[in-house]
Every structure is written in structure tokens, then in C-alpha cells.
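1. Could you look at this predicted model? Sequence included:
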Amino acid sequence: MDKLRLGWIGAGKMGTPICANLLQAGYALTVCDVDPARVAALTARGAQAAPDPAALARDVDVVLSMVPDDDALRAIAGGKGGLAGALCPDQVFVDLSTVSPAGSAEVAATLAPTGAAYLRAPVSGSTATAAAGMLSIYCSGPQPAFERVRPLLERIGNKITYCGAAEEARVMKLVINMIVIITPAVVGEALALGARSGLGWSQMIDAIGQSVAASPVIGYKADMMKRRDWTPMATVDLVAKDLDLALELGRQCHAPMPITALAQQFNTALQASGDGGLDFFAVLTWPERLAKA
């Protein structure tokens, strides 16, 4: 088995099950997070704790991170106790966050003097697929570093796509997320129409799942939709951030994105109503709410 010593920064909803999976696979893992309780939960499973990213980086071969946004990634790279003061040329830094291509490029420039390889490896999936090691991973950066850590990535995901030498993986993740996040807005509009015309809610969801309109994300969310249980796997607040990143990239490269902009308005409406903490598929209720207005 690969004997790489691993450091992990960011033990949130996705990071924690990935770390648990790596520990179960026998990797030596050191963890750092702003929340001590998250670290404690993983040290109870056999991980070691580090006080900050710099301390973590000094004792590992590969540093991995999954953090919420551009600012958090900049902070672990170049802030006080950041990776820029600790990484060495023989190390690899793999970031699995969903962040902007521009913010990621800034981090690349910050870390360049260290000589360490920087891989951008955003993931697609849920907490369940994270726990099972079945995420989709889009990776870009130096190809030799990618080949070095590929066995490690295969512990995290079962579908790995190498996208290019720089920020291509960041763009690919936004492309995928656009399609996923738009889906509940489309499904919600269709379900609202069917319901007003006398069709049963569960009946429609089953029929969609058995049709050419079926997709993995609809399949994952079928039971949630039937129960109208919006316990979050990924929140409205989180995916709204991702659509903001996509729309900003569209502005930068002059790509018209009217459907994405409309879907973002549905997310904004849920946030304004106090429902930003619900699962993002709760957006499908907004067309139904409009019909009752």
C-alpha cells in the first residue's frame, strides 16, 4: 500500500468522511481545522492533530485541503501559519475545494517559491459518496505530481479526470455544478405544473426516475423529494456560492448564462426567506410557492 504520510486541512461535512475513509485505508493522517471538535472526532479514529497548516506540512508528504471558499484557501496558503512558510519542493499540495479559477491562480503564485507541486482537485458528490470513496475528481496541475498521488486520489474517488496543467479543473467543477444546481429549479417547475394538473407528487418523481429525463442527481434525491425532507447534504447557501463563481467566470470570459442567472435567483429567494441552510434541492419548492402566491 502507498506509504505516503498525509496532512488534511478542513474537516467539514465532506472532509470528515473523506478523512475517515483514508484512516480506514491505513494512511497515516494529520488533521488541522479551525474547529477543535472536528479535529477531536478524527483523532479519536487514529489521526494526529496539528495546530496550523504550517505545522501540519512539516511532517507529511502530501497536504490535502477542502475549505469553503477563496478566502479560506488564501488563508491556509499564505496567511499566518500558512503553507507558504512550510512546504518543500518534494511535497505535493492537493486542494479539493470548489473555488474560483482566479483565486486558485493567486494561491499558485503564493506557493510557487516553495517549489512544491500544486494540484487543483475539486470533487463532485455527496457526503455518502465521500464516505464510500466514490467521488468524482477533476484534477489539474503538474502531471508528474498527479501521477504520483493518483493512487491516493483513487482512495477518495472512483472517477478521476485529469483536465490540464493549471486551473482547468476549477472550470470543470463549475461546469458540472451549474448543471447539478440548475436541476432542482427545472424539476420543481415541472412538479408544480403536474401537481396543479392533478398528478401525485411521488408518482411524478417515480415516473421521472424511469424516463429519459432521469439522472444520477435526481436518483440520489428521489427519496428526499418524496419526503420533502430538506436535511442538508449540500446547503442552498453553499451552492449559491458556487453559482456566483460560475457567473463571475462567465462575466470574465463574456459567456451568456441566462438560465444559470435565473436558477441563482431561486437560490437567492430561498436565502431571503430564511431557508439558506436547507439542502439545495429545496429550491424545487420555489416554483410551487410562486404558484400559491
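-> Sure thing, it's come through.
2. This protein: strands as residue ranges?
-> With DSSP state E, the ranges of strands along the chain come out as 6-9, 29-32, 48-49, 62-65, 92-95, 117-120, 123-124, 135-140, 157-164.
3. hmm, who's touching the first one?
-> Under the criterion CB atoms under 8 Å, 6 or more residues apart in numbering, residues 15, 18-19, 22, 27-33, 47, 50, 53, 56-57, 59-67, 76, 152 lie in contact with strand 6-9. Quick note: C-beta positions are derived from backbone N, CA and C, even for glycine.
4. Apply the buried test to those and list what passes.
-> 15, 18-19, 22, 27-33, 47, 50, 53, 56-57, 60-67, 76, 152 (16 or more other CB atoms under 10 Å).
5. Need the winner for burial among the strands of the chain.
-> Each of the strands of the chain was scored by mean neighbour count; the highest is strand 6-9, a mean of 27, by mean count of other CB atoms under 10 Å.
6. What strands flank that strand, and is each parallel or antiparallel?
-> Applying DSSP bridges, strand 6-9 is found paired with strand 29-32 (parallel), strand 62-65 (parallel).
7. how about the ones you listed in TSV, adding distance to Arg120 and mean pLDDT?
-> Converted to TSV, those look like this (distance: least, CB to CB, whole Å; pLDDT from 0 to 100):
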stretch	distance to Arg120	mean pLDDT
strand 29-32	20	97
strand 62-65	11	98
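8. Can you add distance to Lys221 and give the ones you listed back as a markdown table?
-> Putting those into a markdown table (distance: least, CB to CB, whole Å) gives the following:
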| stretch | distance to Lys221 |
| --- | --- |
| strand 29-32 | 30 |
| strand 62-65 | 28 |
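9. Please tell me how far Ile160 sits from Asn177.
-> The gap separating Ile160 from Asn177 is 17 Å, by CB to CB, to the nearest Å.
10. shaky segments in this protein?
-> Applying pLDDT under 70 to the chain flags residues 1-2, 293.
11. Go again with 50.
-> 1 (pLDDT under 50).
12. can you pull out the helices in it?
-> Assignment of helices within the chain using DSSP state H yields the ranges 15-24, 36-43, 53-57, 70-78, 101-111, 127-131, 143-156, 168-196, 201-209, 216-227, 236-252, 258-272, 286-292.
13. Now distance to Pro89 too, for the ones you listed, in a markdown table please.
-> Converted to a markdown table, these look like this (distance: least, CB to CB, whole Å):
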| stretch | distance to Pro89 |
| --- | --- |
| helix 15-24 | 24 |
| helix 36-43 | 28 |
| helix 53-57 | 13 |
| helix 70-78 | 16 |
| helix 101-111 | 11 |
| helix 127-131 | 30 |
| helix 143-156 | 11 |
| helix 168-196 | 22 |
| helix 201-209 | 50 |
| helix 216-227 | 40 |
| helix 236-252 | 31 |
| helix 258-272 | 40 |
| helix 286-292 | 50 |
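14. Alright, calling it a day.
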